[in-house]
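>>> this is a predicted model, with the sequence first.
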Amino acid sequence: MTDNALPQHIAIIMDGNRRWAKNRFMPAALGHAAGAKRVRDIVKTCAEMGIPYLSLFAFSTENWKRPPEEVSSLMSLFMTYLQKEVDSMNDNGVRLRVAGDRSRFAPALQDLIAQAEATTANNTAITLIVCANYGGRWDMLQAASAWQIANPERALTDMTEQDLAQHLSTGDAPEVDLLIRTGGESRISNFMLWQAAYAELYFANDLWPDFTAERFKDAVRWFVHRDRRFGSSAPL
C-alpha cells in the first residue's frame, strides 16, 4: 500500500462489546473493558501505518437510554482510560481530542478530558478523536449555532458549507475517508453524518473486541482498491 492511497481519516463505530460479553456469560461492563483494550491496538496500528486521524464512536447521545448501571460503568471506564492511557499516548505521540457535548458529564470527567487534551496537544504522530456524548445531528446543529454566534450580524442564509464544516467538533480534521462499523450491523447510527458524506463504508461481522489489527488492515486494503469518484463519471 502506498502512502498516498491510504485513508487520511478513519472513523470507527465500535459495535459489539455487549454481545461479546453476553456470548461469554459476562456482564456488559467486561465487554466494554475488552473493547477499550482493543482501542490501544488499533491506535498503534494506525500510527504505524501513517494514518494521521482516527475517530472512535465511544458513546452516542442515544446511549444515555441504556440501563443506569451500564451508563455508570461506561463513565467510570472512560475516566479510567483517560487516567491510565494519557501517559502512554503522550509517549507515543498521540494527540487526543474529545468530540461531543461534555456538559452532561460529571465535572471530574470534564476536568480529566481537558487535562488529557492539554497534555497531548503538541503530539503529531496521530490525532485520536474520541466521540463521546456525540451525535451527527447534534454536531451539525451546534456548528450552525456556533457560526451564528461568531457572525451575529449575518443571516443564516449566508453560511456556506465550508463555514459550517469549520465549526463542526472535528473542524480541524479532514473529512472521513473510511468509516468502519464492527458487529455485523449495516448502518451509521447518527455518526459523523457530515464528515462521512463521501466516505467508503466498511461493515465487519467481527464484534469490536475481536477486531484485530490484521482485520483493521484488511479494511484499509479494501479501501485502497476502491474507485473513489466523488460524483464524477470517470476515475480520479
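Received it, and whenever you're ready, just let me know what you need.

>>> name the residues of stretch 116-129 that come out as buried.
For stretch 116-129, the neighbour count (16 or more other Cβ atoms under 10 Å) marks Ala116, Thr119, Thr120, Asn123, Ala125, Ile126, Thr127, Leu128, Ile129 as buried. Heads up, the C-betas are built off the backbone N, CA and C, glycines and all.

>>> in three-state terms, label the residue of the chain most remote from its centre for me.
Note on the chain: the largest C-alpha distance from the chain mean falls to Glu153, namely 33.9 Å (Cα atoms, centre = their mean). Secondary structure, DSSP: H, G, I helix; E, B strand; the rest coil: Glu153 is coil.

>>> just the C-alpha atoms of stretch 183-195, please, in PDB.
Taking Å, rounded to 0.1, in the frame of the first residue of the first chain, the C-alpha atoms of stretch 183-195 are listed here in PDB:
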ATOM      1  CA  GLY A 183     -20.600  -6.000  15.000                       C
ATOM      2  CA  GLY A 184     -22.400  -7.100  11.800                       C
ATOM      3  CA  GLU A 185     -24.800  -4.100  11.500                       C
ATOM      4  CA  SER A 186     -25.100  -2.100   8.300                       C
ATOM      5  CA  ARG A 187     -25.900   1.400   9.500                       C
ATOM      6  CA  ILE A 188     -24.000   4.500  10.600                       C
ATOM      7  CA  SER A 189     -26.200   5.300  13.600                       C
ATOM      8  CA  ASN A 190     -26.000   9.100  13.500                       C
ATOM      9  CA  PHE A 191     -22.200   9.100  13.500                       C
ATOM     10  CA  MET A 192     -20.300  11.900  11.600                       C
ATOM     11  CA  LEU A 193     -23.200  12.500   9.100                       C
ATOM     12  CA  TRP A 194     -21.500  15.500   7.600                       C
ATOM     13  CA  GLN A 195     -17.900  14.400   7.800                       C
END
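
>>> helix or strand next in line after the helix or strand hosting Gln162, which one?
For Gln162, the host element (DSSP states H and E) is helix 161-166. Downstream of helix 161-166, the first helix or strand assigned by DSSP H and E is strand 178-181.

>>> give the other helices and strands that that following strand contacts.
Contact partners of strand 178-181 among helices and strands, from 3 or more Cβ pairs under 8 Å, 6 or more residues apart in numbering; DSSP states H and E: strand 9-13, strand 200-203, helix 213-224.

>>> now those in JSON lines, with mean pLDDT?
Converted to JSON lines, the helices and strands packed on strand 178-181 look like this (pLDDT from 0 to 100):
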{"stretch": "strand 9-13", "mean pLDDT": "98"}
{"stretch": "strand 200-203", "mean pLDDT": "98"}
{"stretch": "helix 213-224", "mean pLDDT": "98"}
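
>>> quick one, strands of this protein?
For the chain, the strands defined by DSSP state E cover 9-13, 53-60, 94-99, 126-134, 178-181, 200-203.

>>> output these as JSON lines; include the columns distance to Arg66.
Output for the strands of the chain, formatted as JSON lines (distance: least, Cβ to Cβ, whole Å):
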{"stretch": "strand 9-13", "distance to Arg66": "16"}
{"stretch": "strand 53-60", "distance to Arg66": "10"}
{"stretch": "strand 94-99", "distance to Arg66": "20"}
{"stretch": "strand 126-134", "distance to Arg66": "13"}
{"stretch": "strand 178-181", "distance to Arg66": "18"}
{"stretch": "strand 200-203", "distance to Arg66": "23"}
